[in-house]
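>>> Sequence unavailable; structure follows:
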């Protein structure tokens, strides 16, 4: 009996020992994970702060208050400490659409650069859908704050990021909520950090000593930049280039799993801090991820119909006033689109939305002329 009790005591002690070891190991893992999560959080916050620029959009211009800088916002947060812990309200449901302007800036040696990629992305959480409008870089329009008629991408070259934003808002007759501008060289650096991207190439061509065959191809950063820039060898000119750029963006989004690696994440954040500018604060980004991150189940891409035209020897993409008004109505209708809740249509249950009027065509094959950079 005593021998049995002694063996049970030894076994119990051994189990307790291993339990303590496992507990200590588990705590160490949790601390490590928590420490990494904290590191990631503050690294991202620091990067976002370095990317921030106090741009004005139509919405912020409606306020008489100046756009605060990141330091001013942080100072205000510290000074506004409540006397007693505040009760955190439940997160409100997302209803309002949000519009982002995405600009790809092509800067070259001794050249300030141009916004060669112009995308307007509107997310409507009511219908869980997004509308992506691609504006051709050669579109002829009146530049904001001037009487000059020129290519829309020249607004950045003449007046920087602010005039580029103002010109796009003027062209679509609608305000944007947030702006993200990325230098194309930085875009290439991010691709290299993520180990390259894979795309399904639909047009075989050779450009800048690189050959891009038909079918699936793997691209490093430099190859991706060349792939995104080519347009003269493309029968559709700027339209074909826009599609290749969209392919690269989608391929890049599929690489998000690589960010789980600390070294990869550090490389991406470092590159973004150098080459990306935005009017989003860290809190804005958190809100977008938390409130709109799962608000999209489908993305529709539309383009404007127009035609190429040489004016004084320079190539422009001409969009008629009628087509521009159609685009304006399309954007407005998409933002106002809601899900039918009535029993007759049962749209809320089916996830369907009311039909939209005046849908713009997804094809805008224009006549190509000699294209002047």
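Noted; the coordinates are in hand. Here the structure is a predicted model, which is why all the values come from computation and not from measurement.
>>> Could you give the number of residues near residue 215?
10 (other CB atoms under 10 Å). Heads up, the C-betas are built off the backbone N, CA and C, glycines and all.
>>> give the contact list for it.
Applying CB atoms under 8 Å, 6 or more residues apart in numbering, we find residue 215 in contact with 200, 201.
>>> Can you report phi and psi for it?
phi 100, psi -170 (degrees, to the nearest 10).
>>> what's across from it in the sheet?
Assessed by DSSP bridges, residue 215 has beta-bridge partners residue 201.
>>> gap between it and residue 240?
17 Å (CB to CB, to the nearest Å).
>>> so where is the stretch 51-200 of the chain shaky, pLDDT-wise?
58-95, 108-110 (pLDDT under 70).
>>> at 80 what do you get?
56-95, 107-112, 184 (pLDDT under 80).
>>> what about the strands in it?
98-108, 111-124, 129-134, 140-142, 149-151, 178-183, 197-201 (DSSP state E, counting those that start in this stretch).
>>> got the contact list for the fourth one?
The one in question is strand 140-142. Contacts for strand 140-142 (CB under 8 Å, 6+ apart): 148-152, 167, 170-171, 311, 316-319.
>>> Flag every buried residue along that strand.
Residues of strand 140-142 classed as buried: 140, 141 (neighbour count, 16 or more other CB atoms under 10 Å).
>>> Start at 18, not 1
In the new count, where the first residue is 18, that last one comes out as strand 157-159.
>>> Adjacent strands (with direction) for it?
Partners of strand 157-159 in its sheet, by DSSP bridges: strand 166-168 (antiparallel).
>>> what comes up buried for the strand it pairs with?
Applying 16+ other CB under 10 Å to strand 166-168 flags 167, 168 as buried.
>>> picking that back up, can you tell which of the strands of the stretch 68-217 of the chain is closest to residue 324?
Comparing those against residue 324 with CB to CB, the closest turns out to be strand 157-159 (11.0 Å).
>>> Among the strands of the stretch 68-217 of the chain, which comes closest to residue 317?
So among the strands of the stretch 68-217 of the chain, strand 146-151 is nearest, using CB to CB, at 5.5 Å.
>>> quick one, the closest one and strand 115-125 angle?
30 degrees (axes from the mean of the first three to the mean of the last three CA atoms, to 10 degrees).
>>> which other residues reach strand 146-151?
Here strand 146-151 has contacts from 135-141, 189, 259, 263, 313-321, 344, 347-348, 351, 370, using CB under 8 Å, 6+ apart.
>>> One more pass at 7 Å, please.
By CB atoms under 7 Å, 6 or more residues apart in numbering, the list of residues contacting strand 146-151 from outside reads 136-140, 259, 313-320, 351.
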